[in-house]
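Trainee: quick one, what's the 3D model for this:
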Amino acid sequence: MSSTLITAFVIALAQVETPHGVPVQPGPAGETGRWQLTAAVRRDRGAEIVARKEEVTDEAIATAHVLWLQDQLLRNGRAPILFNVALAWNCGLEQTLRGQAPVRSFDFARRVLTVTVEIQNDRWAKQLAAAAGSSASPKKESP
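Mentor: Have a look, this model is predicted:
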């Protein structure tokens, strides 16, 4: 999967998790920050990032967790598609693997994918506009 799509997906997760910015209080399972990361995810994915000698940020942790979820889905015979990743992000990997994700998690996954598509479409529109602008510049005619 392309890194720009993963980036758009990670940004969409933050927008759906905390649509008005950083939440004031932790979530029901102690999740904090824009991505509503649990202490266990921060610890496990943060350690992976440190081992790679990269900067540990919430976005880096969220990205590492998305990639880890994709890997775990694949290892367990599930399609590592973004919808399944969003389900696992919201209700947990085990519930997703058992096919026991609650309705609210399906709603969450749909919203994340919708925002991901909007982000990607906006990027493509900007790229097309930039390309059209550079090709629309007047060419000098030879005498």
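
Trainee: now the helices for this structure?
Mentor: Secondary structure of the chain (DSSP state H): helices located at 3-17, 39-51, 58-75, 82-91, 93-98, 103-135.

Trainee: list the helices and strands the last one packs on?
Mentor: Read it as helix 103-135. In terms of contacts (3 or more C-beta pairs under 8 Å, 6 or more residues apart in numbering; DSSP states H and E), helix 103-135 is packed against helix 3-17, helix 82-91. All C-beta spots, glycine's among them, are computed from the backbone N, C-alpha and C.

Trainee: the shortest one: which residues count as buried?
Mentor: By that I understand helix 82-91. The neighbour-count check on helix 82-91 (16 or more other C-beta atoms under 10 Å) flags 82, 84-91 as buried.

Trainee: which of these lies closest to A131?
Mentor: For the buried residues of helix 82-91, the minimum distance to A131 (C-beta to C-beta) is 26.7 Å, reached by L82.

Trainee: list the residues that contact the closest one.
Mentor: 1, 5, 9, 112-113, 116 (C-beta atoms under 8 Å, 6 or more residues apart in numbering).

Trainee: go on, A12?
Mentor: Counting by C-beta under 8 Å, 6+ apart, the residues that A12 touches are 112-113, 115-116, 118-119.

Trainee: check what pLDDT the nearest residue to A14 once chain neighbours are set aside gets.
Mentor: Spatial nearest neighbour of A14, excluding adjacent residues (C-beta to C-beta, 6 or more residues apart in numbering): R34 at 4.3 Å. Looking at R34, its pLDDT is 93.

Trainee: R34: neighbour count?
Mentor: 17 (other C-beta atoms under 10 Å).
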